[in-house]
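> pasting the sequence and the predicted model now:
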Amino acid sequence: MLDNNIHKIQYKDKTIILVGTAHVSKDSADLVKAAINHYQPDNICIELDSDRLKALENPDAWKQTDIVQVIKDKKAMQLLANTILSTYQKRMAEKMDSEVGLEMITAIKMAKELNIPLTNADRNVNITFKRIWRSLTLFDKFKLLTAFVSSIFDSPEDDISEKMIEEMLEEDVLTAALSEIREELPTIAKILVDERDQFLAHSIKTAPGLVTLAVVGGAHVPGIKAEIDKTQNIQEITHIPDKKSYTKIASWLITLLIVLLLASGFRDGFQQGIKTLATWSLWSGGMAAMATVILRAHPLTTLATFFAAPLTALNPLIAVGFISATVEASLRKPTVADVDNINEDIKSFKGWRKNRFIKSLALVFIANLGSVIGQLISGFSIFSNLFR
């Protein structure tokens, strides 16, 4: 079978067929179907992990998400990132009058119809996200979040050309969404592409059967081919690094600095000390509360944020954003309609303010940001007063 996007590899006594696809292209789905019928493989590998497979097979699973539990488990930012990427992919699919993951759905259906074993060949996406997050500095994390958010509002072109489809074969969805920041943060490219190439290659060559057909994004084909004959250290690329020790130390040092700064107000008497505490609390709590107002949070969420922000600033183990999001999600539980409208609402700030699901997740970040701004303003003011 001749096609530029089909690559036949011999590994020991095993024949591997790599089918390079664009994840939102109907032509890719047709190619997958034709390749499976032609090669009649013993095993079909797909570029999905078990979690993403479940999500693809049961798209309504979103409606069962316990948003409060997600926030309590500190997985809100992770879920928000997944939501943004899913939206990006759906928008591309809509422009092409296609279906998200159609080529994977085709492979899954044919595996069931032909009774061919199916292998989830990709690394768990949560491990990928955590490895990226733990590798970045605080400033790099901010740049990454900015890139994620900007990808929401960058509308795909109305006309999807043949050239654009070719570009999709060279870049997977996650990489495309972060394309503008890859050069600034090379670690992201390494974890997103290089490490997953290694994991995919290992999964594909160790899958049972003598003829394995693998459906993967075109971006991964060159890397998989280069890795097939190598030995991969799977334990290393699936290990979630511990939080960097210096970040923990820095958190406690910042807390200590705040305490010392507040204590310095009492050098001019008890009354001045109380005034210093009040100034810092009002700025810290006020800016965090203002951030929740911008997202049109429930009044009780705003109130809870105002009082919690000064206290959480003195405790590195908990952030005010998690309190804000938990209170909001408890008072205004996301509805089925909110989940159904995520793809549309996430594209506009108005939608973020309206959609309870998105709002609860976004509060984790926005309330923390407001509190930090307030602390910086009040801290600078208090520090300046020390030299008067």
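Everything's here; your move. Quantities reported herein were computed from a predicted structural model and do not represent experimental measurements.
> list the buried ones in the helix or strand containing residue 38?
Using DSSP states H and E, residue 38 falls within helix 26-39. In terms of neighbour count (16 or more other Cβ atoms under 10 Å), helix 26-39 has its buried residues at 26-29, 31-32, 35-36, 39. C-beta coordinates here come from the backbone N, C-alpha and C atoms, glycine included.
> so which elements touch it?
Counting contacts by 3 or more Cβ pairs under 8 Å, 6 or more residues apart in numbering; DSSP states H and E, helix 26-39 is packed against strand 14-21, helix 102-113, strand 211-217.
> ok and the shortest one relative to helix 26-39, angle-wise?
Strand 211-217 and helix 26-39 meet at an angle of 170 degrees, taking axes from the mean of the first three to the mean of the last three Cα atoms, to 10 degrees as the criterion.
> report the mean per-residue pLDDT for strand 211-217.
In this model, strand 211-217 has an average pLDDT of 95.
> starting at the chain centroid, how far to it?
Centroid separation for strand 211-217 versus its chain: 25 Å, with Cα atoms, centre = their mean, to the nearest Å.
> in its sheet, what does that strand sit against?
Sheet pairing of strand 211-217 (DSSP bridges) gives strand 14-21 (parallel), strand 43-46 (parallel).
> output the longest one as CSV - backbone C-alpha positions only.
Going back to what we said before, that points to strand 14-21. The C-alpha atoms that make up strand 14-21 are tabulated as CSV, following Å, rounded to 0.1, in the frame of the first residue of the first chain:
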residue,chain,number,x,y,z
LYS,A,14,8.1,-7.9,13.9
THR,A,15,6.6,-5.7,11.2
ILE,A,16,5.5,-2.3,12.3
ILE,A,17,3.2,-0.1,10.2
LEU,A,18,3.2,3.6,11.3
VAL,A,19,0.2,5.5,10.0
GLY,A,20,0.9,9.3,10.4
THR,A,21,-2.2,11.3,10.9
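> residue ranges with poor pLDDT in this structure?
1-2, 23-25, 59-64, 77-78, 80-82, 84-100, 147-184, 244-248, 250, 386-388 (pLDDT under 70).
> chain center to stretch 132-140, what's the gap?
Using Cα atoms, centre = their mean, the offset of stretch 132-140 from its chain centre is 13 Å.
> for stretch 306-321, that is, sorry about that
24 Å.
> ditto for stretch 108-120
So, by Cα atoms, centre = their mean, the centroid of stretch 108-120 is 28 Å from its chain's centroid.
> buried set for that stretch?
Neighbour-count burial for stretch 108-120 flags 108, 110-111, 116, 118-120 (criterion: 16+ other Cβ under 10 Å).
> gap between the two ends of it?
Stretch 108-120 has its terminal residues 10 Å apart, counting by Cα to Cα, to the nearest Å.
> can you give the contact residues for it?
Contacts of stretch 108-120 from elsewhere in the structure, counted by Cβ atoms under 8 Å, 6 or more residues apart in numbering, are 32-33, 36-37, 40-46, 48-50, 53, 56-57, 107, 203-204, 207-209, 212.
> hmm, back to that, redo the buried residues of helix 26-39 as CSV? Include distance to residue 190.
Formatted as CSV, the buried residues of helix 26-39 follow (distance: Cβ to Cβ, whole Å):
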residue, distance to residue 190
26, 32
27, 30
28, 26
29, 30
31, 29
32, 28
35, 30
36, 32
39, 32
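> just to revisit the earlier point, any chance of a PyMOL selection covering the buried ones in the contacts of stretch 108-120?
A single PyMOL command selects the buried members of the contacts of stretch 108-120 (16+ other Cβ under 10 Å):
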select buried, resi 32+36+41+42+43+44+45+46+48+49+53+56+107+203+204+207+209+212
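> can you give me the strands in the stretch 51-200 of the chain?
For the stretch 51-200 of the chain, the strands defined by DSSP state E, counting those that start in this stretch cover 118-120.
> may I see the buried residues of the lengthiest helix in the chain?
Of all the elements of type helix in the chain, the one with the most residues (DSSP state H) is helix 356-385. Buried residues in helix 356-385, counted by 16+ other Cβ under 10 Å: 356-375, 377-379, 382.
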